[in-house]
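> From the sequence below, what's the structure:
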Amino acid sequence: MRTGLKRSCSEIFNHYSPQGRKEREERPGMKKDENMLSKEILGAAIEVHSCLGAGLMESAYEECLCRELSIRGLIFERQKPLAVSYKGVRLDCGYRLDIVVGGLVILELKAVGQIEPIHEAQLLTYLKLSGLKLGILINFNVPLLKDGIKRIVHGL
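Below you'll find the model as predicted:
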C-alpha cells in the first residue's frame, strides 16, 4: 500500500475487506488496533482462567497471562513505570501498569471479590496519564471470567 495521502478505491477496499484485514494481521511487525488486540487479549485471559480458575493471587494470574500472551505472539510490557506530570514536571511516583499490550492496551489485573468503582477510576487515571485510549480491567476471582471484565475507554 502506498504511504501517500491519496489511495485508490481498490487500496481502500482491500484495506478494510476481511481479506485485507487478514493480510495485515499476518504481516510481521504490523501494529494491531485496539479492538483486534482486545479480542486476542480476552482470548488469552479466558484461557488462563479456564486453566487456573478463581482463588489465586494476582501475581500468579499476571505471570500466566504473560506466558499466554507470549504463546500467542503478542508483544507486551510488564510492570511498565508510569510517571505523573505535575505542573509541567514528570515525577516518578512508583506507579506501574500491570501489562501494556502492543503499546496500545493497558491491562489492569485484579483478584478481588468484585470490581469496585475505585478500580475503574484507577484504570481511567492510568489511561489519562499514559495517553492510551483503551484499558481492560480483568478480575480473575470470579466463577465466569466474562463477569470480571470491564473495558474502559478514554478518548477513543
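
> CA atoms for contacts and neighbours, from now on please.
Noted.

> Residues contacting stretch 86-99, please?
62, 76-85, 106-109, 126 (C-alpha atoms under 8 Å, 6 or more residues apart in numbering).

> for that stretch, what is the average pLDDT?
Taken as a whole, stretch 86-99 has an average pLDDT of 92.

> Please apply the same query to stretch 118-133.
pLDDT averaged over stretch 118-133 gives 96.

> For that stretch, which residues meet the burial criterion?
119-120, 123-124, 126-127, 130, 132-133 (16 or more other C-alpha atoms under 10 Å).

> Quick one: distance of that stretch to the chain centre.
12 Å (C-alpha atoms, centre = their mean, to the nearest Å).

> again, but for stretch 45-52
16 Å.

> So which residues make contact with that stretch?
61, 64-65, 68, 140, 145.

> Among the residues you listed, find me the one that's closest to A44.
Distance to A44 across the contacts of stretch 45-52 (C-alpha to C-alpha) is lowest for E68, with 5.8 Å.

> Report pLDDT for the closest one.
For E68, pLDDT reads 97.

> what residues are up against the residue nearest to it when sequence neighbours are not counted?
Distances taken as C-alpha to C-alpha, 6 or more residues apart in numbering put A44 closest to E68, at 5.8 Å, once the chain neighbours are dropped. Residues counted as contacts of A44 (C-alpha under 8 Å, 6+ apart) are 65, 68-69, 72.

> ok, 7 Å please
Counting by C-alpha atoms under 7 Å, 6 or more residues apart in numbering, A44 makes contact with 65, 68-69.

> Distance check, the residue most central in space within the chain against E62.
For the chain, the residue nearest the mean C-alpha position is V105 (3.0 Å; C-alpha atoms, centre = their mean). Between V105 and E62 the computed distance is 15 Å (C-alpha to C-alpha, to the nearest Å).
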